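Engineer: sequence-free structure coming up:
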């Protein structure tokens, strides 16, 4: 892993810092054919997640509101809420006008935090009523920092659209952080029999290849090499992988981040020059598959 890129930030008129998105390269490989495959973990404002998800060249998995305990989300929203980087002034069209400043900015910020407090109160009420986290956490989403793992061979379209001044400031800051992390990373040259395995740590290289593939897929599903309760647990990773591939229907998307070089132009998927574990397993399960 390379160090996280410097986070984008802004300040209120009183000098209080407002934290911005941050990104880190998790795994970076280049095939014998020279095709680079990069996995980036980005933490961004949850309310612009849809703008990341429109890019179909990406394989991605997100931290799940259905999996994280409500109390943990409540603490995060209270201690470190996701606040807009600026409050652009209203005008026709998709792009805001100049950001509010001075007292107007402070009043807009106060209104945002008042909405956060109301969401916290509602989520606590639902929790007290015994409502599951898959519902209670949804109320908190506009105020949450959201972590996504993204893997791709082709990034230029994303940089062009989302690093643009026409993009909403929050997705632009996330894209800028991702691009800085990407540009600051040096991919590892791999041979045709090596696999790109995000979240497999340097001190886990003694694991056999099949185990590394399985735990990488499981950790991509969780968007962390740690379990949801903060432990590093290989047996939990193996169990999660088994649940992913034996579910009906299977949960294939985490297996897309794990890939090996391929010079077969007919290989399916959204990567150039790489065969994804998802399609290896799907093909093996197909009638007549190996």
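Structural biologist: Received it, and whenever you're ready, just let me know what you need. These numbers come from a predicted model, not from an experiment.
Engineer: which other helices and strands contact the host helix or strand of residue 237?
Structural biologist: Secondary structure assignment for residue 237, by DSSP states H and E: helix 234-246. Applying 3 or more CB pairs under 8 Å, 6 or more residues apart in numbering; DSSP states H and E, one finds that helix 234-246 contacts helix 209-222. The way it works is simple: take the backbone N, C-alpha and C, and place the C-beta from them, glycine included.
Engineer: orientation of the helix holding residue 237 relative to helix 209-222 in degrees?
Structural biologist: Orientation check (axes from the mean of the first three to the mean of the last three CA atoms, to 10 degrees): helix 234-246 against helix 209-222 gives 80 degrees.
Engineer: from what I can see residue 124 touches residue 74, true?
Structural biologist: Yes: under the criterion of CB atoms under 8 Å, residue 124 makes contact with residue 74 at 6.9 Å.
Engineer: against residue 127, how distant is residue 155?
Structural biologist: 40 Å (CB to CB, to the nearest Å).
Engineer: next one: residue 92
Structural biologist: Shown here: residue 92 relative to residue 127, a distance of 41 Å by CB to CB.
Engineer: neighbour-wise, which of those two wins?
Structural biologist: residue 127 (18 against 6; other CB atoms under 10 Å).
Engineer: wait, the more buried one sits on residue 69?
Structural biologist: No: with contact defined as CB under 8 Å, residue 127 does not reach residue 69; the gap is 9.5 Å.
Engineer: average model confidence for the strand or helix carrying residue 260?
Structural biologist: Under the criterion of DSSP H and E, residue 260 resides in strand 259-261. The average pLDDT within strand 259-261 is 98.
Engineer: quick one: contacts of it?
Structural biologist: 31-33, 35, 37, 151, 190-196, 271, 273-277 (CB atoms under 8 Å, 6 or more residues apart in numbering).
Engineer: how many neighbours does the nearest residue to residue 195 once chain neighbours are set aside have?
Structural biologist: Spatially, and ignoring its direct neighbours in sequence, residue 195 is nearest to residue 260 (4.8 Å; CB to CB, 6 or more residues apart in numbering). Per other CB under 10 Å, the neighbour tally for residue 260 reads 22.
Engineer: from residue 32, how far out is residue 260?
Structural biologist: In terms of CB to CB, residue 260 sits 11 Å off from residue 32.
Engineer: likewise for residue 98?
Structural biologist: 51 Å.
Engineer: now, which of the contacts of strand 259-261 lie within helices?
Structural biologist: Judged by DSSP state H, the subset of the contacts of strand 259-261 located in helices is residue 277.
Engineer: quick revisit: more neighbours: residue 124 and residue 74, which one.
Structural biologist: More neighbours surround residue 74 than the other of residue 124 and residue 74, with 18 against 15 (other CB under 10 Å).
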